[in-house]
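Visitor: Give the three-dimensional model of this entry:
(one chain, ligands or ions: 1)
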Amino acid sequence: MKADEMSKVKKKTVCMLAAMAALVLIAGAAFGGIKRYRVHLREQERKQSGIVLAFDDYSPDNWEQYFDLFDEYDAKVTFFVNAAYPTEFCEAARKRGHEIGCHTTGHANLTELTEEEIYEQAIAPIAVFREAGYEFTTFAYPYGAYTDELNELLLQHYNVVRGAFKCEPHVKDYMKRGFVESMSLDNANYESREQYEARILEILTVMSEAEEGAVVPVYSHAIGDGDWCVTEENLEFLLQKAKEMDLKFYTFQELQ
Ligand SMILES: [Zn+2]
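Guide: Numbers count the residues shown, from 1 in each chain. Presented below is the predicted three-dimensional model:
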């Protein structure tokens, strides 16, 4: 091989090596970039604050009428049902991605019952629901009535038990296990639509400014004009404002 041919081969080899190195660098940057992007997304999700919206008791026809509205806002809801076994509604709700939680079989005030009655109302349904494939890991006290002893007992069977009297935002991790409060959206608790809207905006602002992911549990019973309902307008105000403020609707289970 002549000297100039030799140098051509060398040049070619150097060029090829350079091209390969460049490819490796590009690929590295691309995969590294994807990895960083994924980590970033997970981080975002972890930090995305939100609302845990629930409906208590048992108003299947009313609730089901609003499934499309919930979907429109990508809002997953927890329905705390008074039921001893999964009903048609439970099945329909589960198919739409909502959670079914326990609210006793007969809306009993657990603080007034014997041990045996407590078992029947709040613990016996667990096996029935779980056998039917429901996780059934969240419980809400009828009338918000609880004691420390009841919490201790029920937390042996449920991940989270929920009260009904306070507005308490929590960092997401807090919602994995234990007793949590919840704020009522019921019409009876607000003097006017303006007062409701101001309160919701105040809470959502706190949530959207939380640096770590934070959530606030809220609940009502049905959608309508009755005292123990939330009006359709008020519900849509919450859904709309939450969306505008980039807050997500979580079920209790999603946080456990
Ligand atoms: Zn109730």
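
Visitor: Now do the contacts for whichever residue of the stretch 151-256 of the chain sits closest to the ion.
Guide: For the stretch 151-256 of the chain, the residue closest to the ion is H221, as judged by CB to the ion, at 6.7 Å. From N, CA and C alone the C-beta is placed, and that goes for glycine too. Contact partners of H221, counting by CB atoms under 8 Å, 6 or more residues apart in numbering, are 55-57, 59, 186, 228-229.

Visitor: Go again with 6 Å.
Guide: 56-57, 228-229 (CB atoms under 6 Å, 6 or more residues apart in numbering).

Visitor: Report the residue spans of the chain with pLDDT below the cut-off.
Guide: Low-confidence segments of the chain (pLDDT under 70): 1-45.

Visitor: who in it is up against the ion?
Guide: Selection of the chain residues close to the ion by CB under 5 Å from the ion yields 56-57, 142.

Visitor: coming back round to it: just among the contacts of H221, which is most surrounded?
Guide: Counting neighbours by other CB atoms under 10 Å, D56 comes out on top of the contacts of H221 with 27 neighbours.

Visitor: Surely that residue and V81 touch.
Guide: No. D56 is not in contact with V81 according to CB atoms under 6 Å; the separation is 8.4 Å.

Visitor: so what sits against both of those two?
Guide: By CB under 6 Å, 6+ apart, D56 and V81 have these common neighbours: H103.

Visitor: Run a quick neighbour tally on E120.
Guide: Neighbourhood size, E120 [other CB under 10 Å]: 17.

Visitor: same check, this time on A214
Guide: 21.

Visitor: how close does it get to G226?
Guide: Note on A214: its distance to G226, by CB to CB, to the nearest Å, is 31 Å.

Visitor: Helix, strand, or coil at A83?
Guide: Here A83 is coil, with the state taken from DSSP: H, G, I helix; E, B strand; the rest coil.

Visitor: Please report phi then psi for it.
Guide: Main-chain torsions, A83, degrees, to the nearest 10: phi -160, psi 150.

Visitor: F139 now?
Guide: phi -130, psi 140.

Visitor: Let's verify the residue in the chain positioned nearest to the ion: helix, strand, or coil?
Guide: Nearest residue of the chain to the ion: D56, at 4.1 Å (CB to the ion). The local conformation at D56, judged by three-state DSSP, is strand.

Visitor: Look up how far M175 lies from it.
Guide: 18 Å.

Visitor: what separates stretch 124-141 from the chain centre, distance-wise?
Guide: Centroid displacement of stretch 124-141 relative to its chain, using CA atoms, centre = their mean, to the nearest Å, is 17 Å.

Visitor: Buried residues, that stretch. List them.
Guide: Residues of stretch 124-141 classed as buried by neighbour count (16 or more other CB atoms under 10 Å): 125-126, 129, 134-141.

Visitor: Which of these fall within strands?
Guide: 138-140 (DSSP state E).

Visitor: ok, so of those, who is nearest K243?
Guide: For those, the residue nearest K243 by CB to CB is T138; the value is 24.3 Å.

Visitor: picking up where we left off before, give me the phi and psi angles of the residue of the stretch 151-256 of the chain closest to the ion.
Guide: Main-chain torsions, H221, degrees, to the nearest 10: phi -120, psi -40.

Visitor: Give me the nearest residue to it, chain neighbours excluded.
Guide: W228 (4.7 Å; CB to CB, 6 or more residues apart in numbering).

Visitor: now for the host helix or strand of Q240, which elements pack on it?
Guide: With elements taken from DSSP states H and E, the one containing Q240 is helix 232-244. Counting contacts by 3 or more CB pairs under 6 Å, 6 or more residues apart in numbering; DSSP states H and E, helix 232-244 packs against helix 193-209.

Visitor: residues in contact with the next helix or strand after the helix it packs on?
Guide: Once the chain leaves helix 193-209, the next helix or strand it forms, by DSSP H and E, is strand 214-220. Here strand 214-220 makes contact (CB under 6 Å, 6+ apart) with 49-56, 169, 171-172, 180, 182-183, 185-186, 203, 207, 230, 250.
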